[in-house]
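In: what follows is a predicted protein model with its sequence.
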Amino acid sequence: MVSAAYPVVAVVGPTGSGKTQLAMALAEQFQGEIVSCDALQVYRFMNIGTAKAGPEVRERIAHHMLDLRDPDEDFSAGDYQRLARQALRLISAKSRIPLVAGGTGFYLRALIEGLFEGPGRSEEIRGRLRKILHRRGARSLHRALRRVDPDSAAHISPADGSRIVRAYEVYLETGKPMSWWQSQPRDSLQGYRWLRLGIAWPRDTLYRRINQRVEEMFQKGFVDEVRGLLERFPPGCHAFQAIGYRQIVGYLQGKWSLEHAIGDTQQESRHYAKRQLTWFRADKEVNWLDVSPDWESCVSRASALVAAFTGR
């Protein structure tokens, strides 16, 4: 018996693995539209450093969840859940296949499983924590979070100031860690069934791809992109906490050389990829596609899985 739930394909994996490339190939083959699942691509003007699809690609394949906020505006997992679910309904109403592509595992979980009904924002507590964040840096606040909520800290990047502040805010306001709230019942997404595809490269090959991608970003004008952002937005905003952006800000402020900025961006990107792999490997529903033979074999295998899943 065929399920009445509408099919959705998620393409996941670490940074630099080719998620967008695979999603676009599948979108063209199966009349699909892409829903970005990237915590930074929601911000306008952050294009090179987030590997955001350009205008020519978006003219060919519809993209959703891009350019929704300015870099100094807040955007939460709850915002992503609400807007991405709207995008799914829009795409399915056109009888097209949604392809959710990206490496922000927490956003994907929020989309599918829902979010906990935790406390609202406390502007007073959040303001105090942001002052600490700007004065001492995200890593210092992350160490403090690790003492009161080690479970949440283990799943939040030490550089992700916004999520660190939110997790600590919840603890200070309620006396319970974010991880406790996240274990409570959620508003799961209904009416859809999911095929999860993961791209699996040998570790050394993935790291070479990441290093090369970072070099290409700098060659395409990454420094100029950050310089332009600094002219428009305050240096303490979310944009400048992201990998690559933070390193270039330091370079532009004379703290280190361009070579150091490139090398540190490569290193932090590799570390981030490792955390992403740990997150997605824990999801037993991901169908991992081995890229060892060649990329074409990976695409063919993915196409076969999507065809069987969607009946198209």
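Out: Cool, the structure landed. Numbers count the residues shown, from 1 in each chain.
In: which SSE is the closest residue to Pro158 other than its chain neighbours in?
Out: With CB to CB, 6 or more residues apart in numbering as the criterion, Pro158 has its nearest non-adjacent residue at 4.2 Å, and that residue is His142. In this view, the C-beta of every residue, glycine as well, is placed from N, C-alpha and C. His142 is part of helix 138-148, with elements assigned from DSSP states H and E.
In: can you name the element that comes right after that helix?
Out: Taking DSSP H and E, what comes next after helix 138-148 is helix 150-154.
In: contacts for that following helix, please.
Out: 142, 145-146, 164, 167, 177-179, 182 (CB atoms under 8 Å, 6 or more residues apart in numbering).
In: would you mark the buried spots in that helix?
Out: Within helix 150-154, the residues that qualify as buried are 152-153, counting by 16 or more other CB atoms under 10 Å.
In: quick revisit: the helix holding His142 - contacts with which helices or strands?
Out: Using 3 or more CB pairs under 8 Å, 6 or more residues apart in numbering; DSSP states H and E as the contact test, the elements touching helix 138-148 are helix 123-136, helix 150-154, helix 161-174.
In: so which elements touch the first one?
Out: Pointing back at helix 123-136 there. Helix 123-136 packs on helix 138-148, helix 161-174, going by 3+ CB pairs under 8 Å, 6+ apart.
In: who touches it?
Out: 140-141, 161, 164-166, 168-169, 172-173, 236.
In: return the set of buried residues in the lengthiest strand in the chain.
Out: If you go by DSSP state E, the chain has its longest strand at strand 192-200. Of all the residues in strand 192-200, those buried under the rule 16+ other CB under 10 Å are 192, 194-200.
In: and for stretch 292-299?
Out: 298-299.
In: send the alpha carbons of the helix or strand bottoming out on mean pLDDT in the chain over as CSV?
Out: Lowest by mean pLDDT, DSSP states H and E among the helices and strands of the chain is helix 178-182, with a mean of 83. In CSV, the C-alpha atoms belonging to helix 178-182 read as follows (Å, rounded to 0.1, in the frame of the first residue of the first chain):
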residue,chain,number,x,y,z
MET,A,178,18.3,23.3,27.2
SER,A,179,18.9,19.5,26.8
TRP,A,180,16.1,18.8,29.3
TRP,A,181,13.6,21.1,27.5
GLN,A,182,14.6,19.4,24.2
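In: the helices in the stretch 151-300 of the chain, which residues?
Out: 161-174, 178-182, 203-219, 222-232, 245-252, 258-281, 295-310 (DSSP state H, counting those that start in this stretch).
In: and of the ones you listed, who's closest to Val8?
Out: For Val8, the closest of those is helix 295-310, at 9.5 Å, according to CB to CB.
In: now do Gly49 against Asp224, distance only.
Out: Distance, Gly49 to Asp224, using CB to CB, to the nearest Å: 11 Å.
In: of the two, who's got more company?
Out: The neighbour comparison of Gly49 against Asp224 (other CB atoms under 10 Å) goes to Gly49, with 24 against 11.
In: for that one, phi and psi?
Out: Backbone torsions for Gly49, taken as degrees, to the nearest 10, come to phi -70, psi -10.
In: got it, and the one 4 residues further on?
Out: Comment: the main-chain dihedrals of Ala53 come out as phi -60, psi 140, following degrees, to the nearest 10.
In: nearest residue to it in space, please, no chain neighbours.
Out: Ala53 sits nearest to His63 (CB to CB, 6+ apart), 5.6 Å away.
In: please report phi then psi for the one you found.
Out: Dihedral angles of His63 (phi, psi; degrees, to the nearest 10) stand at phi -120, psi 150.
In: contacts only, for Val9.
Out: With contacts taken as CB under 8 Å, 6+ apart, Val9 has the following neighbours: 26, 32, 97-100, 194-197, 306, 309-310.
In: swap in 6 Å and give it another go.
Out: Contact partners of Val9, counting by CB atoms under 6 Å, 6 or more residues apart in numbering, are 99, 195, 306.
In: closest to Glu215 out of those residues?
Out: Relative to Glu215, the closest of those is Leu99; by CB to CB it sits at 28.0 Å.
In: ok, that closest one touching Ala25?
Out: No: the pair Leu99 / Ala25 is not scored as a contact, 9.8 Å apart, by CB atoms under 6 Å.
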